[in-house]
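Trainee: okay, here's the prediction I keep looking at, along with the sequence it came from:
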Amino acid sequence: MKKFLLLLCSICVSISTYCQSSLLDLIDSEEENLTYATFKTTKIINLQSVEQPAEKELDFIVSHRFGTINSGIENLYGLDYGNIRMSFNYGLKDYITLGLARSSSQKVIDFSVKTKLINQGKNNFPLTVSVYSSVFYDTLSSIFAEEDLSSNDFSYCYQLLIARKMNSKLSIQISPTLTHYNYVSPFFDLNDNMIALGLGGRYKVNNSVSINSEWIPIISSGTNMIHPFENKDYINSFSLGCDIETGGHVFQLFVSNSTSMFERGFVNETMERWENGGVHFGFNISRVFNFK
Amino acid sequence: MKHFFLSLFILKSIFSFSQDKYISRNGQVQLNASTPLETINPVNNHVSCILDTENGNIAFQLKMISFKFDKALMEEHFNEKYVESEKFPKSTFVGKILDWEKVDWDKEEQNVQATGTLTIHGLDKEIVVSGIIRMLQKNINLVSEFYINISDFDIKIPKIVRDKISEKVEIYVDINLHPK
């Protein structure tokens, strides 16, 4: 009996000391945490990432793609030629971005809207899902057209951005993409509707640098399914590069076989092949301005 | 008789578990690491705190990710690059208000000192801070202001932004505790 009492007493004492040592446990709480910084910037390389500028912030991106590396020393391995794209992306809300951009290749102006549907971590949802849609206006295209219709100058792209931050270093994204042409230039052997599957990812090397890569196989020409590895008709875009983040800028340096910087262009109209050395050096520089 | 004392003892320990504690889940902690080049003063309005009025033991806990900055990019860098919020999601302070028995419950406002362990970025540091304790009608208000050095917590600031972020960070704490 005495032993039993002693035991009870010691339990009581340990309960009351437990009380003090675990003050922290009493206020510990697990709330949901929204995943952030799935990618460093709003682009993986060419593909849009699920990142968006915050409300009342303007993300200004200057991009360059040079000529192909196999064009030889007389063209300084492609550096003699350059395409430029300037893009302004304004955060109307944290989850809605409006974008306006102009590319020098094909002199295309595009307008885009990116909307975040759900953020990873919300109600423990495992993915971040956004919708990206853009409309392209070709200021140059209709010279080949048989009829001079202004609607021929427009083409559209709809993209679902499905991303998951696997851990603090690795993020992956899948982007089913539908492109619609009102008029396909005879220069390209394409159908009106093209479907591609963008695959991208990043791996953080340290807190300021990450390695990025993306591959965008065309999987359907509207009517036929296309095998991503055995397709002879279309060239799939593949890019490899790195993000370098300094205080206010993100520099993305990479090589890619695509030269266009707008969705329709790099998804469907890629002309060069990696195996022939048809690779372009390129960069994106992103700078965020605050209007709060 | 023995049993009576025993049950008293048990009752007491159970009561001390639930009573005598003041708690808050929406305290405020404000940081100030501003320099002439950049204003950096994020606020966290979801700070948890518990005070044991029996002995003056006190504990704070906050989530680093709950600090809100004016600039979204700054907030991302704070979490991603500096305090590494995914690896070290919480900061805590566990300590004791010194001379707790001398604290006068009838006095409206008095200066106190607290000592304990501050844990940020996974690193512990013993600190002594002074503050003010106010006895309100039902609640207890704690206010304190102190400084920490970023380098004490192994938070690395790249050279390129070192001029923009103050090495000495002012921490301002304001908590309203209510009975648990």
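Mentor: Yep, it's here. Residues are numbered from 1 along each chain as shown, chains lettered A, B, ... in the order given.

Trainee: helices of chain B, residue ranges please.
Mentor: B:2-18, B:72-77 (DSSP state H).

Trainee: next one: chain A
Mentor: Residue ranges of the helices in chain A, as given by DSSP H, are A:2-21, A:23-27, A:263-268.

Trainee: what's the residue closest to the geometric middle of chain B?
Mentor: Centroid check for chain B by CA atoms, centre = their mean gives B:F60 as the closest residue, at 4.0 Å.

Trainee: tell me which residue in chain A sits closest to chain B.
Mentor: Taking CB to the nearest CB, chain B has its nearest neighbour within chain A at A:A54, 3.3 Å off. For the C-beta atoms, the positions are set from N, CA and C on the backbone; glycine is no exception.

Trainee: thinking B:I140 is in contact with B:P179, fair?
Mentor: No - in this structure, B:I140 is not within contact of B:P179 by CB atoms under 8 Å, at 9.0 Å.

Trainee: neighbour-wise, which of the two wins?
Mentor: B:I140 (19 against 12; other CB atoms under 10 Å in any protein chain shown).

Trainee: give me the nearest residue to the more buried one, chain neighbours excluded.
Mentor: B:L177 (4.5 Å; CB to CB, 6 or more residues apart in numbering or on different chains).

Trainee: distance of that neighbour from B:R25?
Mentor: Relative to B:R25, B:L177 is positioned 10 Å away (CB to CB, to the nearest Å).

Trainee: now do B:V169
Mentor: Counting by CB to CB, the gap from B:V169 to B:R25 is 24 Å.

Trainee: which one of the two is surrounded by more residues?
Mentor: Set B:V169 next to B:R25 and count neighbours by other CB under 10 Å: B:V169 wins out with 19 against 14.

Trainee: who does the more buried one form a beta bridge with?
Mentor: On the basis of DSSP bridges, B:V169 is bridged to B:I148.

Trainee: what of B:I132?
Mentor: The residues that B:I132 bridges to, once DSSP bridges is applied, are B:N111, B:V143.

Trainee: in this structure it contacts B:V143, no?
Mentor: Yes - B:I132 lies in contact with B:V143 (CB under 8 Å); the separation is 4.8 Å.

Trainee: excluding chain neighbours, what is closest to the closest residue to chain A within chain B?
Mentor: Closest to chain A within chain B is B:A72: 3.3 Å, counting by CB to the nearest CB. In this structure, B:A72 finds its nearest non-sequential neighbour in A:A54, 3.3 Å apart by CB to CB, 6+ apart.

Trainee: so what's the residue count around the one you found?
Mentor: 19.

Trainee: ok, it - contacts?
Mentor: Contact analysis of A:A54 by CB atoms under 8 Å, 6 or more residues apart in numbering or on different chains lists A:G91, A:D94, B:A72, B:L73.

Trainee: using CSV, lay out those together with distance to A:T246, pLDDT and neighbour count.
Mentor: Formatted as CSV, those follow (distance: CB to CB, whole Å; pLDDT from 0 to 100; neighbours: other CB atoms under 10 Å in any protein chain shown):
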residue, distance to A:T246, pLDDT, neighbour count
A:G91, 21, 95, 21
A:D94, 24, 93, 15
B:A72, 17, 87, 21
B:L73, 12, 87, 19
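
Trainee: closest to B:V94 among these?
Mentor: Taking CB to CB as the measure, B:V94 lies nearest B:A72 of these, at 32.0 Å.

Trainee: hang on, the closest one packs against A:E57?
Mentor: Yes - counting by CB under 8 Å, A:E57 is a contact partner of B:A72 at 6.2 Å.

Trainee: before we move on, the earlier item: mean pLDDT lowest where, among the helices of chain A?
Mentor: Ranked by mean pLDDT, the helices of chain A bottom out at helix A:2-21, which scores a mean of 56.

Trainee: low-confidence ranges in the chain?
Mentor: Picked chain A for this. A:1-21, A:30, A:141-149 (pLDDT under 70).

Trainee: hm, I was asking about chain B
Mentor: B:1-19.

Trainee: which residues in it form strands?
Mentor: In order along the chain, chain B carries the following strands (DSSP state E): B:21-32, B:43-52, B:57-63, B:90-97, B:109-120, B:123-135, B:140-149, B:168-179.

Trainee: of these, flag the one that's most buried.
Mentor: Stretch with highest mean neighbour count among the strands of chain B: strand B:57-63 (a mean of 23; mean count of other CB atoms under 10 Å in any protein chain shown).

Trainee: got the angle for that strand vs strand B:21-32?
Mentor: 50 degrees (axes from the mean of the first three to the mean of the last three CA atoms, to 10 degrees).

Trainee: can you give me how far strand B:57-63 is from the chain middle?
Mentor: 5 Å (CA atoms, centre = their mean, to the nearest Å).

Trainee: ok, now stretch A:81-96?
Mentor: Remark: stretch A:81-96 is offset 12 Å from the chain centroid, using CA atoms, centre = their mean.

Trainee: can I get the CA coordinates of that stretch in PDB?
Mentor: This file holds the C-alpha atoms of stretch A:81-96, laid out as PDB (Å, rounded to 0.1, in the frame of the first residue of the first chain):
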ATOM      1  CA  TYR A  81      21.700  37.500 -83.500                       C
ATOM      2  CA  GLY A  82      19.300  38.400 -80.800                       C
ATOM      3  CA  ASN A  83      15.500  38.200 -80.200                       C
ATOM      4  CA  ILE A  84      14.100  40.300 -77.500                       C
ATOM      5  CA  ARG A  85      10.900  40.200 -75.500                       C
ATOM      6  CA  MET A  86       9.700  42.800 -73.000                       C
ATOM      7  CA  SER A  87       6.900  41.700 -70.700                       C
ATOM      8  CA  PHE A  88       5.000  43.600 -68.100                       C
ATOM      9  CA  ASN A  89       3.000  41.600 -65.500                       C
ATOM     10  CA  TYR A  90       0.900  43.400 -63.000                       C
ATOM     11  CA  GLY A  91      -0.600  41.800 -60.000                       C
ATOM     12  CA  LEU A  92      -4.200  43.000 -59.900                       C
ATOM     13  CA  LYS A  93      -4.700  40.700 -56.900                       C
ATOM     14  CA  ASP A  94      -2.400  38.200 -55.300                       C
ATOM     15  CA  TYR A  95      -4.100  35.600 -57.500                       C
ATOM     16  CA  ILE A  96      -4.700  37.500 -60.700                       C
END
